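S.K.: Dropping a prediction and its sequence here:
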Amino acid sequence: MRGAVIYAPGDIRVEERERPAIVDTTDAILRLPATCVCGSDLWPYRGIETVNGPAPMGHEYVGIVEQVGSEVTTIRPGQFVVGSFFASDNTCEICRAGYQSCCIHREPIGALGAQAEYLRVPLADGTLVATPDVPEADLVPSLLAASDVLGTGWFGAVAAEAGPGKTVAVVGDGAVGLLAVMAATQLGAERIIAMSRHEPRQKLALEFGATDIVVERGDEGVARIKDLTGGLGAQCVIEAVGTQESMMQAIRATRPGGHVGFVGVSHGVDLPGQELFFSEVHLHGGPAPVRRFLPELIDLIWSRTIDPGKVFDLELPLDEAAAGYRAMDERRAIKVLLRP
Ligand SMILES: [Zn+2]
């Protein structure tokens, strides 16, 4: 089968990979009608994360079940399913508490490489959620978004305790930040401030429910959020970048007693203890337990209440994955959909 492989920073190739087969009795094999490039794929692509290439790429997926292992009981061949970037049993104590991304049996999907024609998914019963039927083609991008960026933005909004009467600020205008705006809207937030300097992304943020746009960043961005909130800061701030600057911007834009939901994969972030101590903000984040939200997100997409697939602004054949990475790296595309 064809699949994307990283050899070194900036060097993505689509080549013949071995077609996956059942390894464990709890596995499923999916045929992938669509896959995509994640903002977090840019960390190794930019060499900020170590690359031990050649290594398969991709951790976001939807697909048709082709085959299941002998112990799989709820997932059947022919079903259309959505999963997340960590396989999870969905039965351990951590999963039952809603933190499937820290399941005691978790397995990272990224290591298996979802930017490909087929994918092996471990712990199929716990990991995969079937849609009511095989979806119409135009729903596929939105269901694919649920696999990571929507689920991650949603967790950011829940972790920041977005809800009725709340003012929510979102740091980061990538797909996760934009979909965090959508999540905050769905959760009933009163005011949603999107921090973005890029016009097409501002437009999408407004379409997803943002009420205000702040173009400043860093200390000036914090000052603007304070201006907009009576000098107090926002009750809820979602951090969707993962750098020192964005994390401090999020913490400083939050009022005492408020909540920061941080979902940008942290790189080189070092929090100053004394400032944190006196800030009196709640911090809650990490790799999103997307599995917790999948049934609800699938319902909202299936009923066409939300259309998170709008974050895909470039579609390419899988064979042109390298061009997709380049477009996202240069910020010419918000998110790239790949067709195997
Ligand atoms: Zn578990």
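M.R.: Arrived safely. Residues are numbered from 1 along each chain as shown.
S.K.: Provide a list of residues in contact with residue 279.
M.R.: For residue 279, the contacting residues are 251-252, 254, 256, by C-beta atoms under 8 Å, 6 or more residues apart in numbering. In this view, the C-beta of every residue, glycine as well, is placed from N, C-alpha and C.
S.K.: Do a quick rundown of the strands in the stretch 201-340 of the chain.
M.R.: Using DSSP state E, counting those that start in this stretch, the strands assigned to the stretch 201-340 of the chain run over residues 212-214, 234-239, 254-262, 282-285, 314-317, 336-339.
S.K.: Can you lay out the ones you listed as TSV showing distance to residue 142, mean pLDDT and mean neighbour count?
M.R.: TSV is the format used below for those (distance: least, C-beta to C-beta, whole Å; pLDDT from 0 to 100; neighbours: other C-beta atoms under 10 Å):
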stretch	distance to residue 142	mean pLDDT	mean neighbour count
strand 212-214	24	98	19
strand 234-239	20	98	30
strand 254-262	22	98	22
strand 282-285	24	98	17
strand 314-317	14	97	16
strand 336-339	11	97	22
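S.K.: what's the average pLDDT for stretch 149-166?
M.R.: Per-residue pLDDT over stretch 149-166 has a mean of 98.
S.K.: Just give me how far that stretch sits from the chain centre.
M.R.: In terms of C-alpha atoms, centre = their mean, to the nearest Å, the centre of stretch 149-166 is set 12 Å apart from its chain centre.
S.K.: Could I get the buried residue list for that stretch?
M.R.: For stretch 149-166, a neighbour-count test (16 or more other C-beta atoms under 10 Å) marks 149-163, 166 as buried.
S.K.: Count the residues that sit near residue 14.
M.R.: A total of 20 residues lie near residue 14 under the criterion other C-beta atoms under 10 Å.
S.K.: Confirm that it sits in a strand.
M.R.: Yes. Counting by DSSP: H, G, I helix; E, B strand; the rest coil, residue 14 is part of a strand.
S.K.: ok, it touching residue 324?
M.R.: No. Here residue 14 does not reach residue 324: they are 10.1 Å apart, not a contact under C-beta atoms under 8 Å.
S.K.: can you tell me how far residue 264 sits from the ion?
M.R.: Distance, residue 264 to the ion, using C-beta to the ion, to the nearest Å: 24 Å.
S.K.: Could I get the full set of helices for this structure?
M.R.: Counting by DSSP state H, the chain has helices at residues 42-45, 93-96, 124-127, 140-146, 149-159, 175-186, 199-207, 218-228, 244-252, 273-279, 290-302, 321-329.
S.K.: Of those, which is nearest the ion?
M.R.: Across these, the ion has its closest neighbour in helix 93-96 (3.3 Å, C-beta to the ion).
S.K.: so how far is residue 94 from the residue nearest the centre of the chain?
M.R.: Central residue of the chain (C-alpha atoms, centre = their mean): residue 149, 2.5 Å from the mean position. With distances taken as C-beta to C-beta, to the nearest Å, residue 149 is found 23 Å from residue 94.
S.K.: Perfect, that will be all.
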